[in-house]
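Trainee: got a structure for you, letters missing:
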């Protein structure tokens, strides 16, 4: 009996030492530039930050990379990993089942779209069916007015003194120049009816030119607005994609936006590159990193960042690591190490 008691006491005495000597298991998921794997090495802002935190806390660790965000967070909730770090947004729903550190990064959502190399085309605007028909009718009217002026003036000035067939183009040219330039001083109508008609045509031409310019301007403005995505309101009726279970998905659910869900970032990017999406809504720094490093000029960021959010390190509920991480994080901010890591990945001082 004494041997059994002695064995139990020995196990209990050694248990904490064994637990403390074990490596922490850190869950993550591929989210460049926060976490990624290159040639077997784990890289990224979050990875570098955690490495600095682990050294400050004197912890050894190993990285366990998950295929999905949901799988990573589920492993934290079930205690399969000691903590998780990536671009994990701190939300009320997640706080109910997880513990979060102080914010490690301030971000938000943004929209990414393909680059429109064509843009609004003035040629496409000018060949609009209604506009072309209007111009043809206007030219016909000018020809009619010019021939009427020929009939009135043909015996009073040399310019119109020619047969009807020969007068068709000169008459049209006279009417067109009257509209555009106000007429010719040397070809002022000499008959009373001709002069009245010339004055009326000048007045009418002012209205016609104004309407024409306003029409082209409005069509091009509308085309520019409708062909671009500048805010969330422009996403309605478009093919929009995001990652399933993300804060972007929850945001679009609240706005009654139709969108396509993808299991992971890579699947969403592949669909975007294949031209299956008009826009992507996701974490701004991740999309910006993709545009800068992988898009080859075929993608662009649109509009401002919205739904501001903070990223944190997730731990199981009640984990003593949370407080330890917070103290170490404050230390890194105070000694400048956090800023050094931030600038090495983003080139700017943290806000």
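Mentor: Arrived safely, thanks for sending. Keep in mind it's a predicted model, so treat the numbers as computed, not measured. Numbers count the residues shown, from 1 in each chain.

Trainee: how about the strands in this protein?
Mentor: Using DSSP state E, the strands assigned to the chain run over residues 24-29, 36-38, 41-43, 61-66, 83-84, 98-100, 105-114, 240-243, 260-262, 279-283, 299-311, 314-316.

Trainee: okay, and the beta partners of residue 63?
Mentor: residue 26 (DSSP bridges).

Trainee: circling back to that earlier point, nearest to residue 203, of the strands of the chain?
Mentor: strand 299-311 (45.6 Å; CB to CB). All C-beta atoms are positioned from the backbone trio N, CA, C, and that covers glycine.

Trainee: what packs against the closest one?
Mentor: On a contact count with 3 or more CB pairs under 8 Å, 6 or more residues apart in numbering; DSSP states H and E, strand 299-311 meets strand 105-114, helix 247-254, helix 284-293.

Trainee: pull out the buried positions in that strand.
Mentor: For strand 299-311, burial by neighbour count (16 or more other CB atoms under 10 Å) applies to 299, 301, 302, 303, 305, 307, 309, 310, 311.

Trainee: pretty sure the first one sits against residue 114.
Mentor: Yes: look at residue 299 against residue 114 with CB atoms under 8 Å: they come within range, at 6.1 Å.

Trainee: shared neighbours, the two?
Mentor: With contacts defined as CB atoms under 8 Å, 6 or more residues apart in numbering, the residues shared by residue 299 and residue 114 are residue 272.

Trainee: quick check: buried residues in stretch 35-51?
Mentor: Across stretch 35-51, burial judged by 16+ other CB under 10 Å covers 35, 36, 42, 43, 44, 45, 46, 47, 48, 49, 50.

Trainee: quick one: residues contacting the first one.
Mentor: Pointing back at residue 35 there. Listed by CB under 8 Å, 6+ apart, the contact set of residue 35 reads 28, 29, 42, 43, 44, 46, 47, 65, 85, 86, 87.

Trainee: ok, the last one touching residue 36?
Mentor: Which is residue 87. No: with contacts counted by CB under 8 Å, residue 87 stays clear of residue 36, the gap being 11.4 Å.

Trainee: so for stretch 310-319, mean pLDDT?
Mentor: The pLDDT scores in stretch 310-319 average 96.

Trainee: turn the strands of the chain into TSV, columns for distance to residue 179.
Mentor: As requested, those are exported to TSV (distance: least, CB to CB, whole Å):
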stretch	distance to residue 179
strand 24-29	67
strand 36-38	65
strand 41-43	68
strand 61-66	71
strand 83-84	72
strand 98-100	71
strand 105-114	42
strand 240-243	48
strand 260-262	53
strand 279-283	45
strand 299-311	42
strand 314-316	72
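
Trainee: ok, which of those strands comes nearest residue 91?
Mentor: Comparing those by their distance to residue 91 (CB to CB), the top pick is strand 299-311, with 7.6 Å.

Trainee: just the residues contacting the closest one, thanks.
Mentor: Residues outside strand 299-311 that contact it (CB under 8 Å, 6+ apart) are 34, 46, 86-91, 103-115, 228-232, 247-248, 251, 272, 279, 284, 287-288, 290-291.

Trainee: now do that strand: distance to the chain's middle.
Mentor: With CA atoms, centre = their mean, to the nearest Å as the basis, strand 299-311 stands 8 Å off its chain's centre.

Trainee: cool, stretch 157-167 as well?
Mentor: Here the centre of stretch 157-167 is set off from its chain's centre by 62 Å, with CA atoms, centre = their mean.
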